[in-house]
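Here is a sequence with its predicted model. Questions after.
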Amino acid sequence: MVLPDTAAELWADQTVRCVLVPHGQQVEVELRNAAGSAFLRKTAPTRQAALNQAEYLRLLLRTADRTAQSGGLKPFALVIESGSDTRDALSESLRIAGMRALRCRSGLNGVELARELSPDLVVVDHQLSDVSGADVCRRLREDHVTSATPIIAVTSSPDALRAEGCQADAVLTKPCQTDTLIAAARLFVRHLSVVDSRS
């Protein structure tokens with residue numbers, strides 16, 4: 001993939017801007033203050049890795065405003081992914097993060113399960129066998145039962161997913177490292193009891 005010659009802004013809030021800056025064969029993710037000065041730089045080997053790093057930093061800056069609903073159990077995640085290998089890998093990453101995970105291969109079935117089971121987190125792929133990940137996100141946001149459920153979308157085409165109006169809280173780019181998904185998932189359930197199964 002050819003990188004642009006200049007910095008590209010990915011997101012901004014009132015005080016911080018996040019930009020991608022080409023740096024030789026690598027990409028730097030910079031957080032800049034209101035005056036435009038970089039106060040944090042992270043180097044990534046690929047554009048996909050840089051996009052995931054930028055998304056993680058964006059989530060870190062958000063405040064936690066959700067209340068616990070799981071009654072002392074480990075946080076519960078619903079994984080909606082049509083590919084069995086990827087579905088297993090995502091579920092295993094969440095298990096390592098200290099969460100319970102239920103796997104589902106169809107978008108419409110996933111929406112119904114989310115309504116019935118009220119998961120603490122939904123992880124959804126963009127390319128599903130029946131509907132798109134963006135459509136799953138829309139349906140979850142439109143239902144009062146699931147409208148506040150955190151959603152992480154995982155896709156090899158983040159720009160296409162956003163162009164479809166995806167309403168996910170986070171969009172991670174494939175290939176997504178296990179540690180990236182674990183870190184993002186933990187940000188959404190940090191107000192709940194999370195136990196690292198590796199310890």
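Okay, I see it.

Now do the domain split for the chain, please.
8-61, 76-188 (automatic domain parsing).

got those as CSV, with mean neighbour count and mean pLDDT columns?
For every residue, glycine as well, the C-beta is placed using N, CA and C. Shown next, in CSV, are these (neighbours: other CB atoms under 10 Å; pLDDT from 0 to 100):
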stretch, mean neighbour count, mean pLDDT
domain 8-61, 16, 84
domain 76-188, 19, 90
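
wouldn't Ala38 be in contact with Glu30 here?
Yes. If you go by CB atoms under 8 Å, Ala38 and Glu30 touch, sitting 4.4 Å apart.

Assign the residue of the chain positioned farthest from its centre to helix, strand or coil.
Largest separation from the mean C-alpha position in the chain: Ala35, at 28.8 Å (CA atoms, centre = their mean). Using DSSP: H, G, I helix; E, B strand; the rest coil, the structure places Ala35 in coil.

What values do phi and psi take at it?
phi -80, psi -10 (degrees, to the nearest 10).

is it true that Ala77 lies in a strand?
Yes. Ala77: assigned to a strand according to three-state DSSP.

Would you agree it is in contact with Val122?
Yes. Contact criterion CB under 8 Å: Ala77 and Val122 qualify, at 7.1 Å.

Could I get the full set of strands for the protein?
Along the chain, counting by DSSP state E, strands occupy 8-12, 17-23, 26-32, 38-44, 76-80, 100-104, 121-125, 151-155, 170-173.

Would you reformat these as TSV and include distance to Ala163?
Listed next are the strands of the chain as TSV, based on distance: least, CB to CB, whole Å:
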stretch	distance to Ala163
strand 8-12	15
strand 17-23	18
strand 26-32	22
strand 38-44	23
strand 76-80	20
strand 100-104	25
strand 121-125	16
strand 151-155	11
strand 170-173	12
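
Of the ones you listed, which is nearest Glu164?
Nearest to Glu164 among the strands of the chain is strand 151-155 (10.3 Å), distances taken as CB to CB.

What pairs with that closest one, parallel or antiparallel?
Using DSSP bridges, strand 151-155 pairs in its sheet with strand 121-125 (parallel), strand 170-173 (parallel).

and the angle from it to strand 76-80?
Strand 151-155 and strand 76-80 meet at an angle of 30 degrees, taking axes from the mean of the first three to the mean of the last three CA atoms, to 10 degrees as the criterion.

How far off centre is strand 151-155?
5 Å (CA atoms, centre = their mean, to the nearest Å).

Please enumerate residues in contact with it?
The contact list for strand 151-155 (CB atoms under 8 Å, 6 or more residues apart in numbering) reads 81, 90, 121-127, 133-134, 137, 140, 161, 166-174, 176, 181, 184-185, 188.

ok, now with 6 Å
With contact meaning CB atoms under 6 Å, 6 or more residues apart in numbering, strand 151-155 is reached by 122-126, 133, 137, 161, 166, 168-172, 176, 184.
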